[in-house]
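Engineer: Next input, structure requested:
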Amino acid sequence: MKSVLVLEDGTYYPGLGFGAGGETIGEVVFNTSMTGYQEIITDPSYRGQIVTMTYPLIGNSGFNEEDSESDSAHVQGFIVKEICDHPNNWRCSIGGDEYFKMHNIIGLKGIDTRALVRHICSNGSMFGIISTECGNVDVLLDRLRDGMQKRRSLVMEVTAKEPVRIKGQGKRISLLDLGVKKTLTKLLRRYDCDIHILPASSTYEDVLACSPDGVIISGGPGDPRELGEQRLLLEKLMGEMPILGIGLGHQLLGLALGGTVFKLKYGHHGANLPVKDLTTGKCYITSQSHNYALDADMADGVEITRINVNDNTVEGFRHGKLSVTGVQYCPGPADHPQDSACVLEDFLKAL
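Structural biologist: Residues are numbered from 1 along each chain as shown. Reported below is the predicted structural model:
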């Protein structure tokens, strides 16, 4: 079936649809990973976004029941140069087109993804609409502008609806779920942690009721400046117990410490982003999915510990007096070697 992507600046890319039919509106971003497409599609951080894969062939190993980062798909739409019609892998349980239909994801293939990515790099990320129902660009632009006016609470869409406990004999962790990935809980289980996953709406009393040794604030979708209640919660918790912020949680911790955030031109989305640890001089290859970053001008007492090698943005910090640490990337993601998992290990050892 014919399909088209129309961006908010009027640029359009005709192609072919796959997966579900219909229309979808979201912020168009690109991901530079060569592998890990199933993890990307099920990553809550991509809620509300249409993801473009820069690698030209996607889906050659199909989909399985083990590699998802959550229990559902979260991308608003999915754009590829080519989708593999005949996947081949011993773990493959379902093919690409069937998977996208099952999860009601609207896909677009057959466009020049290089041209789209260059356009986003030059002009910044922007909203777009994919449609298999209408080919009139002017009509789709009107629908897109109407859709962009609708406000969504992305974190509340992906957070746990009620507390969940994963029992363990090790350190007791309160995990505030802003869009937690299964990779994080798997890593905590590796250290036999007693994990209490709490909804994003949890209160100060809810956190303390778990009697945690430490608190972890997960990654998630959207703009941290819109999470006023969660920021106030962190302000109350700081000084009470050790806190580690990851991804969106890292940005939220920075705001709670008096910092500011800004929107990146086209974000950091991929499994191959280099981060330098300023305390050791080591460089890690990390997995990231965010459109916002902390400003380097942090509050007094806050030390920047990690920076992005590509653009020198803040990738990590720690407070000199409070036991508060943040990292922008996901420690030890599933789709590449676990060389960045030391962040979590160091936090747990310090409890």
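
Engineer: Output the below-cut-off pLDDT ranges for this protein.
Structural biologist: 332-341 (pLDDT under 70).

Engineer: Give the residue farthest from the middle of it.
Structural biologist: No residue in the chain sits farther from the centre than residue 136, which is 32.3 Å out by CA atoms, centre = their mean.

Engineer: gap between that one and residue 23?
Structural biologist: The spacing between residue 136 and residue 23, counted by CB to CB, to the nearest Å, is 12 Å. Glycine gets a C-beta too; all of them are placed from N, C-alpha and C.

Engineer: What of residue 249?
Structural biologist: Residue 249 is 33 Å from residue 23, by CB to CB.

Engineer: These two - which one has more neighbours?
Structural biologist: residue 249 (30 against 17; other CB atoms under 10 Å).

Engineer: Run a quick check on that one versus residue 218, I expect a contact.
Structural biologist: Yes. At 5.6 Å, residue 249 and residue 218 qualify as touching, with contact defined as CB atoms under 8 Å.

Engineer: Find residues that contact each of those two.
Structural biologist: 176, 178 (CB atoms under 8 Å, 6 or more residues apart in numbering).

Engineer: Which residue ranges of the stretch 151-300 of the chain form helices?
Structural biologist: Here the stretch 151-300 of the chain has its helices, by DSSP state H, counting those that start in this stretch, at 154-158, 182-190, 204-209, 228-237, 248-256.

Engineer: got those helices as JSON lines, with distance to residue 11 columns?
Structural biologist: Below are these laid out as JSON lines (distance: least, CB to CB, whole Å):
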{"stretch": "helix 154-158", "distance to residue 11": "25"}
{"stretch": "helix 182-190", "distance to residue 11": "35"}
{"stretch": "helix 204-209", "distance to residue 11": "46"}
{"stretch": "helix 228-237", "distance to residue 11": "35"}
{"stretch": "helix 248-256", "distance to residue 11": "29"}
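
Engineer: Residue 304: neighbour count?
Structural biologist: Neighbour tally, residue 304, other CB under 10 Å: 15.

Engineer: what's the one helix or strand it maps to packed up against?
Structural biologist: Element membership for residue 304, per DSSP states H and E: strand 302-308. Strand 302-308 is packed against strand 261-277, strand 314-319, with contacts defined by 3 or more CB pairs under 8 Å, 6 or more residues apart in numbering; DSSP states H and E.

Engineer: which strands and helices sit next to the shortest one?
Structural biologist: In terms of contact count using 3+ CB pairs under 8 Å, 6+ apart, strand 314-319 is assigned the packing partners helix 248-256, strand 261-277, strand 283-294, strand 302-308, strand 324-327.

Engineer: Ok, the first one next?
Structural biologist: With contacts defined as 3+ CB pairs under 8 Å, 6+ apart, the secondary structure elements packing on strand 261-277 are strand 23-31, helix 113-123, helix 248-256, strand 283-294, strand 302-308, strand 314-319.

Engineer: check contacts around the nearest residue to residue 267 once chain neighbours are set aside.
Structural biologist: Leaving aside its sequence neighbours, residue 267 sits nearest to residue 291 (CB to CB, 6 or more residues apart in numbering; 3.9 Å). Contacts for residue 291 (CB under 8 Å, 6+ apart) come out as 27, 29, 125, 223, 263, 264, 266, 267.

Engineer: and if you look at residue 268?
Structural biologist: 288, 289, 290, 293, 308, 313, 328.

Engineer: Now tabulate the residues you listed in JSON lines and tack on neighbour count.
Structural biologist: Formatted as JSON lines, the contacts of residue 268 follow (neighbours: other CB atoms under 10 Å):
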{"residue": "288", "neighbour count": "22"}
{"residue": "289", "neighbour count": "31"}
{"residue": "290", "neighbour count": "24"}
{"residue": "293", "neighbour count": "21"}
{"residue": "308", "neighbour count": "21"}
{"residue": "313", "neighbour count": "19"}
{"residue": "328", "neighbour count": "30"}
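
Engineer: and which of those residues is nearest to residue 37?
Structural biologist: Distance to residue 37, by CB to CB, is smallest for residue 289 among the contacts of residue 268, at 12.9 Å.

Engineer: my guess is the closest one meets residue 42, correct?
Structural biologist: No. At 11.7 Å, residue 289 does not count as touching residue 42 under the criterion of CB under 8 Å.

Engineer: The closest residue to residue 131 other than its chain neighbours and residue 9, how far apart?
Structural biologist: Excluding the flanking residues, the one nearest residue 131 by CB to CB, 6+ apart is residue 23, at 4.4 Å. From residue 23 over to residue 9 the distance is 19 Å, taken as CB to CB.

Engineer: What of residue 116?
Structural biologist: Applying CB to CB to residue 116 and residue 9 gives a distance of 12 Å.

Engineer: which of the two has more neighbours?
Structural biologist: residue 116 (22 against 13).

Engineer: who touches the residue lying closest to residue 298 once chain neighbours are set aside in this structure?
Structural biologist: On the basis of CB to CB, 6+ apart, the spatially nearest residue to residue 298 that is not a chain neighbour turns out to be residue 259, at 5.1 Å. By CB under 8 Å, 6+ apart, residue 259 lies in contact with 294, 295, 297, 298, 299, 302.

Engineer: Same list, those residues, but as JSON lines with neighbour count and distance to residue 151 please.
Structural biologist: Converted to JSON lines, the contacts of residue 259 look like this (neighbours: other CB atoms under 10 Å; distance: CB to CB, whole Å):
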{"residue": "294", "neighbour count": "27", "distance to residue 151": "24"}
{"residue": "295", "neighbour count": "12", "distance to residue 151": "25"}
{"residue": "297", "neighbour count": "10", "distance to residue 151": "29"}
{"residue": "298", "neighbour count": "18", "distance to residue 151": "29"}
{"residue": "299", "neighbour count": "13", "distance to residue 151": "30"}
{"residue": "302", "neighbour count": "23", "distance to residue 151": "31"}
